[in-house]
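> How does the following fold in three dimensions:
(one chain, ligands or ions: 1)
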Amino acid sequence: MPAILTFVLALVALAVLVLATPGVRRALITGRVFRIYRKVLPTMSDTEREALEAGTVWWEGELFRGKPDWSKLHAYPAPKLTPEEQSFLDNECNEACRLVDDWKVSHEDYDMTQEAWQYIKDKGFLGMIIPKRYGGLEFSAFAHSQVVTRLSTRSSALAVSVMVPNSLGPAELLLHYGTEEQKNHYLPRLAKGLEIPAFALTSPWAGSDAASIPDVGIVCKGMWQGKEVVGMRVTWDKRYITLGPVCTILGLAFHLYDPDGLLGDKKHIGITCALVPWDTPGVETRRRLFPLNAMFMNGPTRGRDVFMPLDFIIGGPAMAGHGWRMLMECLAAGRSISLPSSNTGMAQVTARTVGAYARVRSQFKMAIGRFEGVEEALGRIGGNTWLNDAVRRMTAGAIDLGEKPSVVSAIAKYHVTERARQIVNDGMDVIGGKGICLGPSNFLGRAYQQVPIGITVEGANILTRSLILFGQGAIRCHPFVLHEMQAAKNPDVARGLVDFDRAISAHVAFVVRNGVRAFVAGLSGARTLAAPAGAAPETRRYYQQLSRFSAAFAFLADVSMLTLGGALKRREKLSARLGDILAMLYLASAALKRYEDEGRPASDAAFMHWAVQDSLFRAQQAFDGVLANFPGRALPNLLRRVLFPFGAACAAPADRLGRDIAKAMIEPSATRDRLTALVHLPQNEHEPVGTLEAALIATIDAEPIDAKIRTAMKNGALHDNPQANVRDLAEAAFAAGLVTPAEHALLRRRDALRDVVVHVDDFDMAFGHARQTSPAPAPLQRAAA
Ligand SMILES: Cc1cc2nc3c(=O)[nH]c(=O)nc-3n(C[C@H](O)[C@H](O)[C@H](O)COP(=O)(O)OP(=O)(O)OC[C@H]3O[C@@H](n4cnc5c(N)ncnc54)[C@H](O)[C@@H]3O)c2cc1C
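You can find the predicted model right below:
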């Protein structure tokens, strides 16, 4: 053996020996890295740490590790309703929907009727998350999600009034942290709607950065019910508080201070959550805001030096200062359900109504849904609606498995609301002026107005994408980063070094493995990666491609963290794109899961293909975006060659898929019913959705008769009849004996229904005058006061 080779082999053997011996490795390598890491690791406030560490890691953890175990995904049970929950959805939900006329609510009464309010209170809608032993419905997360989805297809006022008490707020906080006395008093009353809850965190000065609320409580002595007690003097100014104007108990978050040491030696105790009855002297709640024509109750609340006992703190004095942790720990459950469900409802009703309208409305002698341009928009509406529902189901299912998936809940909230915005925009484009002129017969305009609300609440979307999806994901889902950070922060430095050494060694091996895996998969077009046993033949390639992207993502995430370090937090555009990749992998997983759970229905295959291909394509675009904007030149070029040796791996869904989806949306079928399963369908033809359903059937029934008339026209049989214009063709054809009386009746019914469907409401010139008799308070005067 040549001496040089012997020397190289000896060097390699030495390196392996060093790396394999922890003591030596720590002394020579990881100990130095540890010391640097401790210095550069940005300091984290308690609130940041609590937010980052809250919740659990679920399927997204598999996607982050670069080698998803698909058998785990398939093993998650398909969400199901109990007979009791199904009956509630079919009966109570439909009755609640029937009691609400969204036009009257939005433009005449500015609130739901007393009857509707009483119904949702009496039937327990406000206590779906409350256990039966307290008188609540104790529904599963999936059932809760089904209910909110259905209500959202009818009215935002109805859906939000039900959604908020079941989301992050007094009931959820009491269930987890309340004292027995608080639970026994409030939960039965909340379950039956005897108390209406609201939760007030946001202030004019602190929206997204909610931990910096300026609202304060000072621990002090004061008089309460005739006795001197230790309590708090609380001052707050909050806005945007849903149900605030009608609440009877106000959940309130504020910073608690104890300047006189009445509770201990800590001066700033921290964010504290209290439950304050609305009629406590000094509490102001009964004013309203007007969020984009949505009539759910929303308003500001203020209080100045309002004295309240320490018992008002959720969990009692022991929980003073733990408010932020409580909020962060409970955030995932509500965020997984509320917005994903309400926005899926909005999507489903858009898909159902716009699909029907596109068949009923003709231009250029053809149903508009048959023009390729409209078909393209319909394809997106259908594909996105199907995908949104898949994400909603899978995410609610995670809550039922006992997870509190903080990153997944942010993915679901962000992407379902963004896709709902796209769905509603597409829907508005398809229905043209019909969507624009508001009135009782407009079935989409208010959704269009209100779609930004979901984008803004429960973590505004830009922030969620830029900071949370990858920022929190990288730390929570990565198998080693959190351990490394915790080790570096360990006050026992020696113990910290041992933990750090173990984590970083495994981390290095992990990066190398993912890099090699991604490269080999790139060379083989992912064919080297296994699809799960028993996967449907039509989905096998998707599993392989997703596994490839997962490895590529894990590798790219590590390289990004390594090269950019703490700066990645400021490079929000890169971080957002990395978050997009993770999110798209999650969305595609949800699509595959739904397809499997529902027994791979052949007629839904186009929706599944569209959803997975769209997600993969967007993931590909996000990879491109990261690599194109990565600092430097050599490294991104190298990364591109490693991850995509033959260029882009995925294309956008083909036009053919969009066409198949659009076709399924413009005629009644089991596929259309599954796509829009939760839409409340009024059983009469005098409401917009009911009219559309009837018009769609009549249109399809009349199409063969139309064809017969068109042939007759071509043959000149109707040529000279002055009635033979587009509007009165039925009469002309009947007069000419070209259609039977039954066919004539059908044409007349179709025409009558179509007239109603295309009609837009007009109003007399006094429209709105009545409202002008009580002018709104001038904002500037109020501000000055
Ligand atoms: C209808 C409605 C109902 C609501 N209900 C409640 C309620 O019941 N209780 C309650 O406490 N609050 C409620 N909110 C408040 C809601 O949670 C806040 O509106 C939300 O947190 C955003 O705060 P902001 O509107 O002040 O926006 P800002 O915080 O001013 O944000 C403005 C924009 O900046 C972006 N942004 C901020 N920071 C960053 C960053 N670091 N990186 C990137 N982008 C960033 C945001 O994404 C957003 O796009 C409600 C709001 C509305 C409109």
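
> hey, let's count contacts and neighbours off CA atoms from now on
OK.

> Which strands and helices lie in contact with the helix or strand containing Arg674?
Arg674 is located in helix 670-675, with elements delineated by DSSP states H and E. On a contact count with 3 or more Cα pairs under 8 Å, 6 or more residues apart in numbering; DSSP states H and E, helix 670-675 meets helix 372-400, helix 655-665.

> Just put those in TSV and tack on distance to the ligand, mean neighbour count and mean pLDDT.
Output for these, formatted as TSV (distance: least, Cα to the nearest ligand atom, whole Å; neighbours: other Cα atoms under 10 Å; pLDDT from 0 to 100):
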stretch	distance to the ligand	mean neighbour count	mean pLDDT
helix 372-400	21	25	98
helix 655-665	32	22	98
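
> could I get the ones you listed as JSON lines with distance to Ile36?
Shown next, in JSON lines, are those (distance: least, Cα to Cα, whole Å):
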{"stretch": "helix 372-400", "distance to Ile36": "39"}
{"stretch": "helix 655-665", "distance to Ile36": "53"}
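
> Select, out of these, the one closest to Val760.
helix 372-400 (20.8 Å; Cα to Cα).

> Would you mind pulling up the elements that the closest one packs against?
Counting by 3+ Cα pairs under 8 Å, 6+ apart, helix 372-400 packs on helix 141-152, helix 323-360, helix 406-431, helix 572-597, helix 605-629, helix 655-665, helix 670-675.

> if you set the cut-off to 6 Å instead, what comes out?
If you count contacts as 3 or more Cα pairs under 6 Å, 6 or more residues apart in numbering; DSSP states H and E, helix 372-400 packs onto helix 141-152, helix 323-360, helix 406-431, helix 572-597, helix 605-629, helix 655-665.

> nearest to Asp728, of those?
helix 323-360 (16.4 Å).

> Any part of the closest one near the ligand?
No - counting by Cα under 6 Å from any ligand atom, the ligand has no neighbours in helix 323-360; the shortest distance is 10.8 Å.

> I'd like the average pLDDT over that helix.
In this model, helix 323-360 has a mean pLDDT of 96.

> Next: stretch 153-163.
Here the average pLDDT along stretch 153-163 is 97.

> where exactly do the strands run in this structure?
197-200, 216-224, 227-242, 249-257, 268-277, 298-309, 362-363, 366-367 (DSSP state E).

> Show me what the last one is packed against.
Spelled out, that is strand 366-367. Short answer (3+ Cα pairs under 6 Å, 6+ apart): strand 366-367 packs on no helix or strand.

> repeat that with 8 Å
helix 323-360.

> what's near enough to touch Thr353?
Phe443, Val689, Leu692, Glu693 (Cα atoms under 8 Å, 6 or more residues apart in numbering).

> Among those, which one sits closest to the ligand?
Using Cα to the nearest ligand atom, Phe443 is the member of these that sits closest to the ligand, with 20.9 Å.

> measure the residue nearest to that closest one when sequence neighbours are not counted to Asp755 for me?
Taking Cα to Cα, 6 or more residues apart in numbering, and ignoring the residues beside it in sequence, Phe443 has Pro688 as its nearest neighbour in space, at 6.3 Å. Here the distance between Pro688 and Asp755 works out to 12 Å (Cα to Cα, to the nearest Å).

> between those two, which one's more packed in?
Pro688 (18 against 14; other Cα atoms under 10 Å).

> wait, that one sits on Val757?
Yes - counting by Cα atoms under 8 Å, Val757 is a contact partner of Pro688 at 7.2 Å.

> Alongside the ligand, which residues does the stretch 351-500 of the chain contribute?
Near the ligand, when you scan the stretch 351-500 of the chain using Cα under 6 Å from any ligand atom, you find Ile453, Thr456, Val457, Glu458, Gly459, Ala460, Asn461, Ile462, Leu463, Ser466.

> Give the residue spans of this protein that score low on pLDDT.
Counting by pLDDT under 70, the chain contains low-confidence residues at 1, 719-726, 770-785.

> how about the residue nearest the centre of it, what does it touch?
Nearest residue to the geometric centre of the chain (Cα atoms, centre = their mean): Lys413, 2.2 Å. By Cα under 8 Å, 6+ apart, the contact list for Lys413 reads Arg335, Ser336, Leu339, Pro340.

> Tell me which residues touch the third one, please.
Residues in contact with Leu339 (Cα under 8 Å, 6+ apart) are Lys413, Val416, Thr417, Gly454.

> so which two of the residues you listed are the farthest from each other?
The widest separation within the contacts of Leu339 (Cα to Cα) is 9.4 Å, between Val416 and Gly454.

> Distance-wise, check Arg421 relative to Ala294.
The value you get for Arg421 to Ala294, if Cα to Cα is used, is 16 Å.

> now Arg288
12 Å.

> Among these two, which residue is more densely surrounded?
Between Arg288 and Ala294, counted using other Cα under 10 Å, Ala294 has the larger neighbour count: 24 against 21.

> ok, the more buried one touching Leu158?
No - counting by Cα under 8 Å, Ala294 does not reach Leu158; the two are 10.2 Å apart.

> which residues touch Ile241?
Ala198, Phe199, Ala200, Thr202, Asn298, Gly299, Pro300, Thr301.

> What's opposite it in the beta bridge?
Per DSSP bridges, the residues bridged to Ile241 are Gly299.

> Contact partners for Ala648?
Gln620.

> Which single residue of the stretch 1-150 of the chain ends up nearest the ligand?
For the stretch 1-150 of the chain, Cα to the nearest ligand atom, closest residue to the ligand: Glu48, 12.4 Å.
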